[in-house]
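*Asks:* Starting from these lines, generate the structure:
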Amino acid sequence: MSDKYFTVKLTSGLSSQTQRTRATVSGLGLRKIGSFSKIKDTPANRGMFNKVKHLVIEVVE
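*Replies:* Below is the predicted model:
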């Protein structure tokens, strides 16, 4: 069975964000502006992505 993945890219900085938002971005595996992370497509990860969608974009492969 193949697992689905999606790729996200951090497009904005975290300096003015709350600690909770920073933790969510870190949970997605992102560190610096322009960094990419390939994440397993689960409801939990999609929820994290939706919470910080003003800071990240989904990259279409």
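*Asks:* tell me the centre residue of this structure?
*Replies:* Leu28 (4.5 Å; C-alpha atoms, centre = their mean).
*Asks:* who are the neighbours in contact with that residue?
*Replies:* 8, 37, 39, 45, 48-49, 52, 56 (C-beta atoms under 8 Å, 6 or more residues apart in numbering). Using the backbone N, CA and C atoms, a C-beta is placed for each residue, glycine as well.
*Asks:* how does it look with 10 Å?
*Replies:* Going by C-beta atoms under 10 Å, 6 or more residues apart in numbering, Leu28 touches 8, 10, 35, 37, 39, 45, 48-49, 51-52, 55-56.
*Asks:* Looking at those, point me to the pair that's furthest apart.
*Replies:* Pairwise distances across these (C-beta to C-beta) peak at 17.8 Å, for the pair Ser35 and Lys51.
*Asks:* in the chain, which spans are helices?
*Replies:* 19-27, 43-51 (DSSP state H).
*Asks:* Out of these, flag the one nearest Lys4.
*Replies:* When the helices of the chain are compared (using C-beta to C-beta), the closest one is helix 43-51, at 10.5 Å.
*Asks:* For the closest one, which outside residues touch it?
*Replies:* 5-6, 8, 20-21, 23-25, 27-29, 39, 41-42, 56-58.
*Asks:* Now do that helix, average pLDDT.
*Replies:* On average, the pLDDT along helix 43-51 is 96.
*Asks:* any chance of the helices of the chain in JSON lines, plus mean neighbour count?
*Replies:* JSON lines is the format used below for those (neighbours: other C-beta atoms under 10 Å):
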{"stretch": "helix 19-27", "mean neighbour count": "14"}
{"stretch": "helix 43-51", "mean neighbour count": "13"}
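*Asks:* Hmm, Arg31 is touching Gly13, no?
*Replies:* No: look at Arg31 against Gly13 with C-beta atoms under 10 Å: they stay out of range, at 11.3 Å.
*Asks:* Quick check on the residue nearest to the centre of the chain: phi, psi?
*Replies:* For Leu28, the backbone dihedrals (degrees, to the nearest 10) come out as phi -80, psi 0.
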